[in-house]
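**Student:** A predicted structure for the sequence below; I have some questions about it.
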Amino acid sequence: MTTNRIGVFGANGRMGLALLEAATIKEQTQLTGAYVRSSSSLLGINVNQVNSAADNSVSFSDESTIDNVDVLIDFTLPAGMKNHLKTAVAQKIPMVIGTTGLTNDDMALLHDAAKHIPIVFARNYSVGVNVLLNLVQTAATKFGDDLDIEIFEAHHRHKIDAPSGTALAIGESIAQAKGWDHDEVAVYDRSQVETAKSQNEIGYSVLRGGDIVGEHTAYFATMGERLELTHKASSRMTFALGAIRAASWLKNKPAGLYDMQDVLDLK
Ligand SMILES: NC(=O)C1=CN([C@@H]2O[C@H](COP(=O)(O)OP(=O)(O)OC[C@H]3O[C@@H](n4cnc5c(N)ncnc54)[C@H](OP(=O)(O)O)[C@@H]3O)[C@@H](O)[C@H]2O)C=CC1
Ligand SMILES: O=C(O)C1=N[C@H](C(=O)O)C[C@H](O)C1
């Protein structure tokens, strides 16, 4: 197996810094690019000075100077991801994307780009959440129709998008199993509603605080019993190592849009 050379966008972000470390420690993987914005004060600084576990032969560089990279990884914001996607397509470099908060239009861009390069897009790169996406389908279809389905998620105080990408992925997985259109059954706010809920809905609730890495619970509540399926991430390295695993899996794949369940053979 040849070494997979990894370039990381948003290399100074919370996930970016974890990815620099994950690409350094994972076997058969080499960190070759750590990209920050052209305005960043980190340009030219060794990555090791910011994360002591990252490869000390690599310095932060401008995101327009990509060289010696087999797979690019993006955990940034939607605006950054869209620019980075254009770069990857222009240079024909496969891409692993973890950025959340994408709109339907952003998703259409991903589908278009995937006609030209292989892309893994996942809203959560942990093994546990990807197993959970299957478990919720079983739960959603075994209780009958008298069932209330709610999803709760909790994240750190800095998180911008809500509900989290993972919560939405869980909801979409449930909707698929029930044969529902997710956009029609998703309920994000009950504060203005003065009627009781119906059984054909998926309710979302959100907590933001402190340093919570990421917690998700799917509730399946009926008369007399309730099933709660919970996943708790305790380290960003879980996501970063998952993304590096996806990058290794992706290296010689044909153009197309894949997800972490493809990588983990969970479909
Ligand atoms: N799929 C998964 O498993 C996971 C996904 N995520 C997602 O990853 C994303 C990043 O999370 P996190 O690391 O906590 O966020 P941070 O805010 O810590 O980092 C964001 C990074 O993106 C960069 N960035 C933002 N906008 C742009 C832009 N327009 N162009 C170029 N770079 C840009 C920032 O650069 P600068 O500092 O210069 O602003 C920064 O380096 C979020 O969408 C989050 O939901 C997070 C964890 C796991
Ligand atoms: O922003 C985060 O931190 C996370 N974002 C992802 C999401 O939106 O689901 C994944 C993980 O929960 C951490």
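**Tutor:** Now that the structure is in, tell me what you want to look at. Residues are numbered from 1 along each chain as shown. Ligands and ions are numbered 1, 2, ... in the order given.
**Student:** enumerate the residues of the stretch 1-150 of the chain near ligand 1.
**Tutor:** 10, 12-16, 37, 40, 75-77, 79-80, 83, 98-101, 122-125 (CB under 6 Å from any ligand atom). For the C-beta atoms, the positions are set from N, CA and C on the backbone; glycine is no exception.
**Student:** and the buried ones among the residues you listed, selectable in ChimeraX?
**Tutor:** To isolate the buried members of these in ChimeraX, using 16 or more other CB atoms under 10 Å:
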select :10,12,13,14,15,16,40,75,76,77,80,98,99,100,101,122,123,124,125
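**Student:** list the contacts of the residue most central in space within the chain.
**Tutor:** By CA atoms, centre = their mean, the chain has its centre lying nearest to residue 123, at 2.7 Å. Residues in contact with residue 123, defined by CB atoms under 8 Å, 6 or more residues apart in numbering, are 98, 100, 164-166, 168-169.
**Student:** one step back: in helices, which of the residues of the stretch 1-150 of the chain next to ligand 1 appear?
**Tutor:** Counting by DSSP state H, those place 14-16, 79-80, 83 in helices.
**Student:** what about residue 218, helix or strand, and which?
**Tutor:** Assessed by DSSP states H and E, residue 218 sits inside strand 214-222.
**Student:** then residue 72?
**Tutor:** Going by DSSP H and E, residue 72 is part of strand 71-74.
**Student:** what helices or strands is that strand leaning on?
**Tutor:** strand 4-8, helix 78-91, strand 95-97, helix 236-250 (3 or more CB pairs under 8 Å, 6 or more residues apart in numbering; DSSP states H and E).
**Student:** could I get the ones you listed as a markdown table with mean pLDDT and distance to residue 28?
**Tutor:** Putting these into a markdown table (pLDDT from 0 to 100; distance: least, CB to CB, whole Å) gives the following:
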| stretch | mean pLDDT | distance to residue 28 |
| --- | --- | --- |
| strand 4-8 | 97 | 6 |
| helix 78-91 | 97 | 21 |
| strand 95-97 | 98 | 15 |
| helix 236-250 | 98 | 7 |
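**Student:** pick the one among the contacts of residue 123 closest to residue 249.
**Tutor:** residue 98 (14.5 Å; CB to CB).
**Student:** nearest residue to that closest one in space, please, no chain neighbours.
**Tutor:** residue 75 (4.3 Å; CB to CB, 6 or more residues apart in numbering).
**Student:** related to what we said a few turns ago, which is the next helix or strand following the strand holding residue 218?
**Tutor:** strand 225-233.
**Student:** tell me how far that next one lies from the chain's centre.
**Tutor:** 20 Å (CA atoms, centre = their mean, to the nearest Å).
**Student:** what does it contact?
**Tutor:** Here strand 225-233 has contacts from 126, 128-129, 132, 135-136, 139, 143, 213-221, 239, using CB under 8 Å, 6+ apart.
**Student:** mind redoing it with 10 Å?
**Tutor:** 124-133, 135-136, 138-139, 142-143, 147-148, 150-155, 166, 170, 212-221, 239 (CB atoms under 10 Å, 6 or more residues apart in numbering).
**Student:** which ones among these lie within strands?
**Tutor:** Taking DSSP state E, the ones among those that sit in strands are 148, 150-155, 214-221.
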